[in-house]
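Q: sequence plus predicted model, see below.
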Amino acid sequence: MEERLQKILSAHGICSRRGAEALLAAGRITVNGRPAAVGDKADPERDDIRVDGKPLRSPQRRTYLLLNKPRGYVTTLSDEKGRKTVADLVKDCGARVWPVGRLDLDSEGLLVLTDDGALTQRLLHPSHEVEKEYLVWVRGDIAAALPVLRGPMELDGVPLSPARVEPAGEGKLSVTIHEGRNRQVRRMCAQAGLQVTRLRRVREGALTLGGLKPGCWRPLTMEELALLEQAPGKM
């Protein structure tokens, strides 16, 4: 839950609330790598809060999960419409984890969940160019759509980084992107005259689903975690 940074710093024994205001005014507090100001809020469970570059929270054991999200689940911890959520699928993992990025209700496949705020920010920041590969079932003229999908595209007036798009069988495409814009692959296909009938994320960086069945999850291995925590750049 988000709270004012003054309250968070005081609760962690860093300083008084008035002292926290002085630290904030001096630019000594950052949240997810950005300088924070007096009155800003953050979630100490999810956000990477630092004082003079040092993490606010002392190191502790974190949880890192790989889920094969099925269709029909929303990628959130709760839903005001009463729909099924990915939190329902991992409720027995023993920790309060959240999804890193999103897959819409009708999409499926690889989803990372964690309680590590710093890793979350690292994976979501576009400058790190973490590749995401999707297997996409489509209707339409694929041959005519390929030059469009491989060429310059934009969404909402904002240019997209070039996508890598290859045929992947009868009526299927492999689409690899770096960004995570809202419903990006579906909207790209629509611009190219294709109708998406099914979409599955099969890879994120070096992570793949392997034989993980829909609706099932497993902890990340130490090797997989090391790949996620590597320096910025394509994994």
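A: That came in fine, so what should we check first?
Q: next up, the contacts around the spatially most central residue of the chain.
A: Geometric centre of the chain, nearest residue: residue 101, 2.2 Å, by Cα atoms, centre = their mean. Residues near residue 101 by Cβ atoms under 8 Å, 6 or more residues apart in numbering: 75, 111, 112, 123, 124, 180, 204. Quick note: C-beta positions are derived from backbone N, CA and C, even for glycine.
Q: pull up the per-residue confidence for it.
A: For residue 101, the pLDDT comes out at 88.
Q: coming back round to it: quick one: buried ones out of the contacts of residue 101?
A: 75, 111, 112, 123, 180, 204 (16 or more other Cβ atoms under 10 Å).
Q: residues near residue 160, how many?
A: When neighbours are counted by other Cβ atoms under 10 Å, residue 160 registers 16.
Q: let's see the least confident helix or strand in the chain by mean pLDDT as CSV, backbone CA atoms only.
A: Here the helix or strand of the chain ranked lowest by mean pLDDT, DSSP states H and E is helix 117-124, holding a mean of 79. Taking C-alpha atoms only, helix 117-124 is exported to CSV below (Å, rounded to 0.1, in the frame of the first residue of the first chain):
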residue,chain,number,x,y,z
GLY,A,117,10.7,-4.1,-6.2
ALA,A,118,14.1,-3.4,-7.5
LEU,A,119,14.0,-6.4,-10.0
THR,A,120,10.5,-5.3,-11.1
GLN,A,121,11.7,-1.9,-12.0
ARG,A,122,14.8,-3.3,-13.8
LEU,A,123,12.7,-5.6,-16.0
LEU,A,124,10.0,-3.0,-16.8
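Q: tell me what the longest strand along the chain is packed against?
A: Counting by DSSP state E, the longest strand found in the chain is strand 195-204. Under the contact criterion of 3 or more Cβ pairs under 8 Å, 6 or more residues apart in numbering; DSSP states H and E, strand 195-204 touches strand 108-114, strand 132-139, helix 184-191.
Q: who does the second one pair up with?
A: Paired neighbours of strand 132-139 in the sheet (DSSP bridges): strand 172-177 (antiparallel), strand 195-204 (antiparallel).
Q: hmm, who's touching the shortest one?
A: Outside of strand 172-177, the residues within contact range by Cβ under 8 Å, 6+ apart are 131-138, 142, 149, 160-161, 163-168, 184-185, 188-189, 203.
Q: equivalent analysis for stretch 106-113, please.
A: Under Cβ under 8 Å, 6+ apart, the answer for stretch 106-113 is 63-72, 75, 86, 90, 93, 97-101, 103, 123, 134-135, 198-204, 207-209, 214, 217, 220, 228.
Q: got the buried residues for that stretch?
A: Neighbour count says stretch 106-113 has 107, 108, 109, 110, 111, 112, 113 buried, by 16+ other Cβ under 10 Å.
Q: give me the distance from the longest strand of the chain to the chain's centre.
A: In this view, strand 195-204 has its centroid 16 Å away from the chain centroid, taken as Cα atoms, centre = their mean, to the nearest Å.
Q: from the contact counts, what lies against the helix or strand following it?
A: Once the chain leaves strand 195-204, the next helix or strand it forms, by DSSP states H and E, is strand 207-208. Using 3+ Cβ pairs under 8 Å, 6+ apart, the elements in contact with strand 207-208 are strand 108-114, helix 222-228.
Q: give the pairing partners of the following helix or strand past strand 207-208; include direction for each.
A: Next along the chain after strand 207-208, taking DSSP H and E as the criterion, comes strand 217-219. The pairing partners recorded for strand 217-219 under DSSP bridges are strand 64-69 (antiparallel).
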